[in-house]
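> With the input below, show me the fold.
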Amino acid sequence: IDSLFLNDYQYKNIELTGDVLNKRFNGSLVANDPNLKFQFDGEFDLNVPVPVFNFNMLVERANLKALKLVSGFKESAVSFAMNANFTGNNIDNLAGSIHFKEGVYQNENGLLSFNDFNLKTFNENEPVLQVRSDFLDADIRGQYQLHNLHNSILKIISNYLPSSGLTYPDQPTTNNFDFRFNLKDINRFTRVLLPDLKMETGEIEGNINSEKNTLTVKASFPEIKYQSAVLRKFTLNLDGDSKLNIRNKVEELNLGEQFKVYNLSLISEASGDVLDSKLAWNNFGAVSYSGSVNTSAKFFPQKNSPHIEVSVKPTRLYLADSLWQINSALITVDSTLIKVNKLRLSTKSQSITADGSINDNQTDKLNLVFNQIDLRSLNRLTGDELELKGELDGVLSVFDIYRQVLFLSDLKISNLGILGQPIGDANIQSRWD
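So this is what the prediction gives:
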């Protein structure tokens, strides 16, 4: 074959040897294109209810960018050897094995290599899907329809929050299996594919039963880094029976060098269209940061999207050894409305109050009212580098977020100081016309 035009690319120098009949092929296929060098030897039969494959394939080099198969990277090339002996046309009915080895992928971020990746299915008193590799081990045991897994999860969540507005096909799904994933060396992938993300080894295990609407997940990760943010000793526990319980915990959260939170936890419980949540943290050191924020969200059915009313419970917080309080408040959310009814954070004479609404009407605004806020409290977040000083008063308003986010401000800072130098009084005003 002198040339073949596919996906806006003209493949050249293709040699085909073998028998081709009624969607059956037995023979060899060799490509010696400038951007694709590979060899296929074996057979496949697509003229049966469940397709059959038995072949060896060697991809010496495939320039995925030039072949217009990827678009997210400036460079993208891959090479690998593959042996396949299976029946099936998707992951759910695959029976047999697929083995990759001597794999190399390269883009502008670097080179990724893997020596061994083996996927196989077998029966051990129940169906088993197994992956073994030098970076990931995975086991799925039971009845599974992975192409429908997201619908099974949406169905389970909707069982606890029926008015949440989640949609899924009204057809039975069969996902009743145990699962276990062991992430052994995932950094070799993130280093090349997601360079801002670094992840140590991790484990995920649990089970799902879409017929009984139950789901259990246990996950643990020693450390996850994304840009300057770091999560250490992150654990997730989820179990659903009569209620859906979710427990997340991070022993240490770093957002840059100066802002650290310890023993951060989020505990949620969902049932009967009510989602109760508790966010807690405590830093017991030279300076105390601790608190617990409790909310209860009620979901109401609505035609196009859910109507949610979030009740904020009265809360006491310690921020840099100072006692702050949050009053009880109500936040309303639906498809075109966010309404906050006098949510107030205060300590002695200082306070920040959120009040108002944002919707399609440009005359409605969400106002943040600042009263005697001491800017020196921000120095702990900046590491005292700015040496801020002053007192903030005034109003910051936001509106029209559904088309373009617009801000109005009428703020005043008395006795402003930066880097240890007095500036004087400052006014920040913006208007929209």
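
> looking at this protein, which helix or strand is least sure?
helix 379-382 (a mean of 68; mean pLDDT, DSSP states H and E).

> Not counting its own residues, what contacts the helix or strand following it?
Counting by DSSP states H and E, the next helix or strand C-terminal to helix 379-382 is strand 389-399. Here strand 389-399 makes contact (CB atoms under 8 Å, 6 or more residues apart in numbering) with 356, 358, 362, 364-376, 405-418, 422-423, 426, 428. The C-beta positions use only the backbone N, C-alpha and C, and glycine is treated the same way.

> Please save the CA atoms from whichever helix or strand comes after strand 389-399 in PDB.
With elements assigned by DSSP H and E, the helix or strand that comes after strand 389-399 is strand 406-418. C-alpha atoms of strand 406-418 as PDB (Å, rounded to 0.1, in the frame of the first residue of the first chain):
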ATOM      1  CA  LEU A 406     -18.100  42.000  38.200                       C
ATOM      2  CA  PHE A 407     -16.800  43.700  41.400                       C
ATOM      3  CA  LEU A 408     -17.700  46.900  43.200                       C
ATOM      4  CA  SER A 409     -15.700  48.200  46.100                       C
ATOM      5  CA  ASP A 410     -15.800  51.000  48.600                       C
ATOM      6  CA  LEU A 411     -12.900  50.200  51.000                       C
ATOM      7  CA  LYS A 412     -10.800  52.300  53.300                       C
ATOM      8  CA  ILE A 413      -7.600  51.400  55.100                       C
ATOM      9  CA  SER A 414      -6.700  53.600  58.000                       C
ATOM     10  CA  ASN A 415      -3.000  54.100  58.900                       C
ATOM     11  CA  LEU A 416      -1.800  51.700  56.200                       C
ATOM     12  CA  GLY A 417       1.800  50.500  56.500                       C
ATOM     13  CA  ILE A 418       3.800  48.200  54.300                       C
END
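
> by contact count, what packs against strand 406-418?
Packing partners of strand 406-418 (3 or more CB pairs under 8 Å, 6 or more residues apart in numbering; DSSP states H and E): strand 389-399, strand 421-430.

> That one pairs with which strands?
Its sheet considered, strand 406-418 pairs with strand 389-399 (antiparallel), strand 421-430 (antiparallel) by DSSP bridges.

> what does stretch 36-55 rub up against?
Contact with stretch 36-55 is made by 11, 22-31, 56-63, 67, 83-89, 93, 96, as judged by CB under 8 Å, 6+ apart.

> now do 7 Å
The contact list for stretch 36-55 (CB atoms under 7 Å, 6 or more residues apart in numbering) reads 11, 22-26, 28-31, 56-62, 67, 84-89, 93.

> Just the buried ones from those?
11, 25, 29, 31, 57-59, 62, 67, 84-87 (16 or more other CB atoms under 10 Å).

> Can you classify Phe189 by secondary structure?
For Phe189, the assignment made with DSSP: H, G, I helix; E, B strand; the rest coil gives helix.

> what sits against it?
112, 135.

> Please identify the pairing partners of whichever strand or helix holds Gln106 and their relative orientation?
If you go by DSSP H and E, Gln106 is part of strand 95-107. Strand 95-107 sits in its sheet next to strand 76-87 (antiparallel), strand 110-123 (antiparallel), going by DSSP bridges.

> Now do it, average pLDDT.
In this model, strand 95-107 carries a mean pLDDT of 94.

> How about it, which residues are buried there?
For strand 95-107, by 16+ other CB under 10 Å, it's 96, 98-100, 103, 105-107.

> how about that strand as PDB, C-alpha atoms only?
Provided in PDB are the C-alpha atoms of strand 95-107 (Å, rounded to 0.1, in the frame of the first residue of the first chain):
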ATOM      1  CA  ALA A  95     -11.400 -12.900  28.300                       C
ATOM      2  CA  GLY A  96      -7.700 -13.600  28.000                       C
ATOM      3  CA  SER A  97      -4.500 -11.500  28.400                       C
ATOM      4  CA  ILE A  98      -2.800  -8.400  27.000                       C
ATOM      5  CA  HIS A  99       0.900  -8.000  27.800                       C
ATOM      6  CA  PHE A 100       3.000  -4.800  27.200                       C
ATOM      7  CA  LYS A 101       6.700  -4.600  27.700                       C
ATOM      8  CA  GLU A 102       9.700  -2.400  26.900                       C
ATOM      9  CA  GLY A 103       7.400   0.600  26.800                       C
ATOM     10  CA  VAL A 104       8.800   4.200  26.400                       C
ATOM     11  CA  TYR A 105       6.800   7.400  26.100                       C
ATOM     12  CA  GLN A 106       8.400  10.800  25.700                       C
ATOM     13  CA  ASN A 107       7.200  14.400  25.500                       C
END
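
> now the buried ones among the contacts of stretch 36-55 as JSON lines including pLDDT and distance to Asn151?
Below are the buried ones among the contacts of stretch 36-55 laid out as JSON lines (pLDDT from 0 to 100; distance: CB to CB, whole Å):
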{"residue": "Tyr11", "pLDDT": "92", "distance to Asn151": "37"}
{"residue": "Phe25", "pLDDT": "93", "distance to Asn151": "35"}
{"residue": "Leu29", "pLDDT": "94", "distance to Asn151": "37"}
{"residue": "Ala31", "pLDDT": "93", "distance to Asn151": "38"}
{"residue": "Met57", "pLDDT": "96", "distance to Asn151": "33"}
{"residue": "Leu58", "pLDDT": "97", "distance to Asn151": "38"}
{"residue": "Val59", "pLDDT": "96", "distance to Asn151": "34"}
{"residue": "Ala62", "pLDDT": "95", "distance to Asn151": "34"}
{"residue": "Leu67", "pLDDT": "93", "distance to Asn151": "33"}
{"residue": "Ala84", "pLDDT": "96", "distance to Asn151": "29"}
{"residue": "Asn85", "pLDDT": "96", "distance to Asn151": "31"}
{"residue": "Phe86", "pLDDT": "95", "distance to Asn151": "25"}
{"residue": "Thr87", "pLDDT": "95", "distance to Asn151": "25"}
